[in-house]
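Enquirer: sequence first, predicted coordinates after that:
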Amino acid sequence: MPEVIVAVLAGLAVCQLALFLTTVYLHRTLAHRALRLRRGLSLACRSVLWITTGIKARQWVAVHRKHHAHTDVEGDPHSPVLRGYLAVQFGNVGMYRTVANDDATVARYARDIPVDRWDRVLFDHSLVGLSIGIGGLCLMFGWRLGLLAAGVHTVTYLFLNGAVNAVGHRFGSRPYRGFATNNQWLAWLTAGEGLHNNHHAAPTSANLALGRHEFDPSWPAISVARRLGWLTVRHVGIHLSAQDPERTEVAA
Ligand SMILES: [Zn+2]
Ligand SMILES: [Zn+2]
């Protein structure tokens with residue numbers, strides 16, 4: 001196989017790993033407490049997210065909780081209902097950064113995620129983490145193909161996260177109330193996040209697939225880790241939030 005194809009595939013693989021850790025650790029574990037991870041696994045997730053995304057966990061959690069607190073109304077950091085689909089699909093990262101860099105918002109929405117010594121020494125230094133990640137790809141593939149792989153990862157990661165917030169509140173099925181939508185095709189690409197209407201209906205559910213014909217690609221890995229005793233799941237079964245008590249139609 002030509003080296004350039006291998007580098008592109010490596011970039012896509014890194015992107016999938018980062019998306020998987022974003023949904024399992026930042027989203028389901030930290031933001032919604034749907035999972036509880038053993039300390040070693042938690043540290044491993046933080047480390048890999050650090051070198052693949054440079055995201056500061058408490059900032060991601062604060063932006064996301066603000067989205068749940070003001071879904072598609074004034075105050076939502078990235079609502080396509082308010083700002084239009086294209087603005088969120090392509091401007092999501094800018095919208096994220098505006099809220100993530102607001103210290104008062106982070107203090108308010110992520111007060112349960114204090115800065116610890118790991119943050120002070122490693123994880124708050126985003127550029128160091130990203131340099132390690134990109135440096136690793138350059139060591140593996142040489143600097144040209146390493147940068148290509150890093151570029152593929154960056155573009156697809158930002159685009160797919162934009163799609164979760166933009167497509168996921170604009171196009172697709174709505175088995176539960178609200179503007180959020182389910183798109184199984186997007187769930188395949190985003191480690192389950194495309195089942196976004198389900199998630200808004202049952203935000204503390206560790207499994208984002210609620211309907212019979214839905215599949216959450218992260219769930220098998222979570223189930224295996226649970227059987228191995230690496231994590232615990234908050235609920236087994238469907239726990240709908242008070243705002244979304246009824247399934248109004250069967251998902252396609
Ligand atoms: Zn949403
Ligand atoms: Zn959420």
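Expert: Okay, I see it. Ligands and ions are numbered 1, 2, ... in the order given.
Enquirer: for the residue nearest to F141 when sequence neighbours are not counted, grab the count of nearby residues.
Expert: Setting aside the residues directly before and after it, F141 is nearest to A7 in space (C-beta to C-beta, 6 or more residues apart in numbering), at 5.1 Å. The way it works is simple: take the backbone N, C-alpha and C, and place the C-beta from them, glycine included. When counting by other C-beta atoms under 10 Å, one arrives at 23 neighbours for A7.
Enquirer: which residues touch A7?
Expert: Contacts for A7 were tallied using C-beta atoms under 8 Å, 6 or more residues apart in numbering; they are F141, L145, G146, L148, A149, V152.
Enquirer: state the helix or strand in which it lies.
Expert: Counting by DSSP states H and E, the secondary-structure element that holds A7 is helix 3-21.
Enquirer: what mean pLDDT does that helix have?
Expert: Summarised as a single mean, pLDDT over helix 3-21 is 97.
Enquirer: now that helix: buried residues?
Expert: Within helix 3-21, the residues that qualify as buried by neighbour count (16 or more other C-beta atoms under 10 Å) are A7, V8, A10, G11, V14, C15, Q16, L17, A18, L19, F20, L21.
Enquirer: quick check: what element follows that helix along the chain?
Expert: Past helix 3-21, heading to the C-terminal end, the next element that is a helix or strand (DSSP H and E) is strand 35-37.
Enquirer: what packs against the helix or strand that that next one is followed by?
Expert: Scanning the chain past strand 35-37 towards its C-terminal end, the next helix or strand to appear is helix 39-52 (assignment: DSSP H and E). In terms of contacts (3 or more C-beta pairs under 8 Å, 6 or more residues apart in numbering; DSSP states H and E), helix 39-52 is packed against helix 3-21, helix 126-141.
Enquirer: how about low-confidence regions in this protein?
Expert: By pLDDT under 70, the weakly predicted segments of the chain are 242-252.
Enquirer: tabulate the helices and strands packed on helix 39-52 (CSV), appending distance to Y157.
Expert: Formatted as CSV, the helices and strands packed on helix 39-52 follow (distance: least, C-beta to C-beta, whole Å):
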stretch, distance to Y157
helix 3-21, 5
helix 126-141, 12
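Enquirer: H169 is nearest to which of the ones you listed?
Expert: Distances from H169 to each of these were compared by C-beta to C-beta, and the smallest falls on helix 3-21, at 18.2 Å.
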